[in-house]
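K.L.:
no sequence for this one, just the structure:
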């Protein structure tokens, strides 16, 4: 019963967080300077009538929210505009309908655009995340095992350097390095490429994502190494580890059977959150390598003030992070008996 109440409590707070994100997501982009109708179509021949028509087409001529709009600003009293006819009201209605709107710039449904970009991002980021988690965890275990040795110092210094390297700088360096080996310099597939079968296409995609994936791994792996090393060193200082040593267990047995399992608990949190951010892609990496993912879509949408695309992108990211955090908290209650279920 306590565990059920714990799960329901976490689900309730996750739902409240998502509702807050939905409201914040709408107003966040309304405070940006500029007019999307003008910036989306940078054409000097665009007349005032054209701009008004574009605003009417996308609902930008409507008030943002009812309570800030009055037909007569001198008089006071109740709002005279139907809340469902405001931009916020239309946004909420369409959200519950599953209609995410039309991109101001491409005139395509944003759900279809993000759906396609999301698949591309997962193809790039998910393998890189998994590789980073596996190698980072292994590196942290080795560093803690060989603590205060040259091996530990080398792993720690290397991790700190890779973690602090600017992403765009490393991407440019690896891009120059990859060009010397004939690797593609951008995109997901070769434009106009003719593939005999599915495997030919997969190989071509693998060649395109090799350098971006390597860039992501180098940037992220240091985080996992440092966290795993620090956590494992804390666990190795516990009394039950001293008891295990007194029983005659060697270092490898202690790490495998006792220390590593408990040290993995903080890794669950950081892994879940990072996997939640996977849908956001890596804006700098996708921009440097001209990769058609969610990160590059967000970069382009910001410069074009494409409200619907930005709103849906940030909503997908926020919901993914909230759900990942929820998953980590639920896993904690099962993995760690010290987590008290109230």
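P.N.:
Yep, that arrived. Predicted model only: the values in this text are computed from it and were never measured.

K.L.:
show me where the stretch 51-200 of the chain dips below the pLDDT cut-off.
P.N.:
Along the stretch 51-200 of the chain, the model assigns pLDDT under 70 to residues 51-85, 192-193.

K.L.:
go with 50
P.N.:
Scanning the stretch 51-200 of the chain with the threshold set as pLDDT under 50 gives 68-76.

K.L.:
which residues touch residue 178?
P.N.:
By CB atoms under 8 Å, 6 or more residues apart in numbering, the contact set of residue 178 is 184-185, 210-211. (C-beta placed from N, C-alpha, C; glycine too.)

K.L.:
now with 6 Å?
P.N.:
residue 211 (CB atoms under 6 Å, 6 or more residues apart in numbering).

K.L.:
which stretch of helix or strand covers it?
P.N.:
Assigned by DSSP states H and E, residue 178 belongs to helix 167-180.

K.L.:
which helices and strands sit right next to the helix or strand that that helix is followed by?
P.N.:
Using DSSP H and E, the next helix or strand after helix 167-180 towards the C-terminus is helix 198-236. Applying 3 or more CB pairs under 6 Å, 6 or more residues apart in numbering; DSSP states H and E, we find helix 198-236 packed against helix 110-145, helix 150-164, helix 167-180, helix 260-276, helix 283-288.

K.L.:
Serialize these to CSV and add fields for distance to residue 251.
P.N.:
CSV is the format used below for the helices and strands packed on helix 198-236 (distance: least, CB to CB, whole Å):
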stretch, distance to residue 251
helix 110-145, 7
helix 150-164, 14
helix 167-180, 35
helix 260-276, 12
helix 283-288, 38
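
K.L.:
residue 195 is nearest to which of these?
P.N.:
Comparison of the helices and strands packed on helix 198-236 against residue 195 by CB to CB identifies helix 110-145 as nearest, at 16.1 Å.

K.L.:
so the closest one versus helix 150-164, what angle?
P.N.:
Per axes from the mean of the first three to the mean of the last three CA atoms, to 10 degrees, the angle that helix 110-145 makes with helix 150-164 is 160 degrees.

K.L.:
so which bits of helix 110-145 are buried?
P.N.:
110-111, 113-114, 117-118, 120-125, 128-129, 131-133, 136-137, 139-145 (16 or more other CB atoms under 10 Å).

K.L.:
can you give me the offset of that helix from its chain's centre?
P.N.:
10 Å (CA atoms, centre = their mean, to the nearest Å).

K.L.:
other SSEs contacting that helix?
P.N.:
Against helix 110-145 (3+ CB pairs under 6 Å, 6+ apart) you get helix 150-164, helix 198-236, helix 294-304, helix 307-335.

K.L.:
give me the contacts around the first one.
P.N.:
Contacts of helix 150-164 with the rest of the structure, by CB under 6 Å, 6+ apart, involve 139, 143, 146, 218, 222-223, 225-226.

K.L.:
quick one: which two of those residues are the most distant?
P.N.:
Counting by CB to CB, the most remote pair of the contacts of helix 150-164 is 146 and 218, 22.0 Å apart.
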